[in-house]
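Enquirer: below are the sequence and a predicted model for it; my questions follow.
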Amino acid sequence: QAQLVESGGGLVQASGSLRLSCVTSGRTISGYAMAWFRQAPGKEREFVGGINWSVGTKYSASVEGRFTVSRDNAKNTLFLQMNNLGPDDTAVYYCALSSSGLLETTATSFAYWGQGTQVTVST
């Protein structure tokens with residue numbers, strides 16, 4: 001059973017940057033797609049960005065050009081570099097691990113989830 005633990009969240013001023021990490025234990029991430037989702041208060045969980053079994057990535061339109069997803073299979077870790085943050089980026093951020101190498105953007109495509117890390121962007 002995989003366990004995913006996110007870290008790196010916190011309070012940041014608008015236009016600032018944060019780097020989130022997600023360490024997986026109990027299962028290798030090599031060969032599997034992973035992604036970041038977020039959920040703001042009163043809103044549904046939404047896809048932010050993800051990476052397939054290799055280096056192929058996808059992003060939501062709202063973060064394209066500002067956020068970068070990467071992975072280090074040797075460390076079983078997924079990263080999310082977030083730049084030029086704005087108040088609309090405030091949310092709990094979750095990492096997710098798929099049972100497939102293909103990257104999908106729907107939450108139901110991912111079998112394993114972390115508990116989330118809070119990101120708050122102040123004006």
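Expert: Nice, I can see it.
Enquirer: what strand or helix carries the closest residue to residue 80 other than its chain neighbours?
Expert: Closest residue in space to residue 80, ignoring its immediate chain neighbours: residue 20 at 4.2 Å, by CB to CB, 6 or more residues apart in numbering. C-beta here means a position set from N, CA and C on the backbone, and glycine is covered the same way. Following DSSP states H and E, one finds residue 20 within strand 18-25.
Enquirer: the spatially closest residue to residue 27 that is not a sequence neighbour and residue 116: what is the separation?
Expert: Nearest residue to residue 27, sequence neighbours excluded (CB to CB, 6+ apart): residue 2, at 3.8 Å. Remark: distance between residue 2 and residue 116 (CB to CB, to the nearest Å) = 16 Å.
Enquirer: could you do residue 11 as well?
Expert: 16 Å.
Enquirer: of these two, which one has the most company?
Expert: Neighbours per residue, other CB atoms under 10 Å: of residue 11 and residue 116, the larger number sits with residue 116, 18 against 12.
Enquirer: who touches the more buried one in this structure?
Expert: Residues counted as contacts of residue 116 (CB atoms under 8 Å, 6 or more residues apart in numbering) are 6, 39, 92-94.
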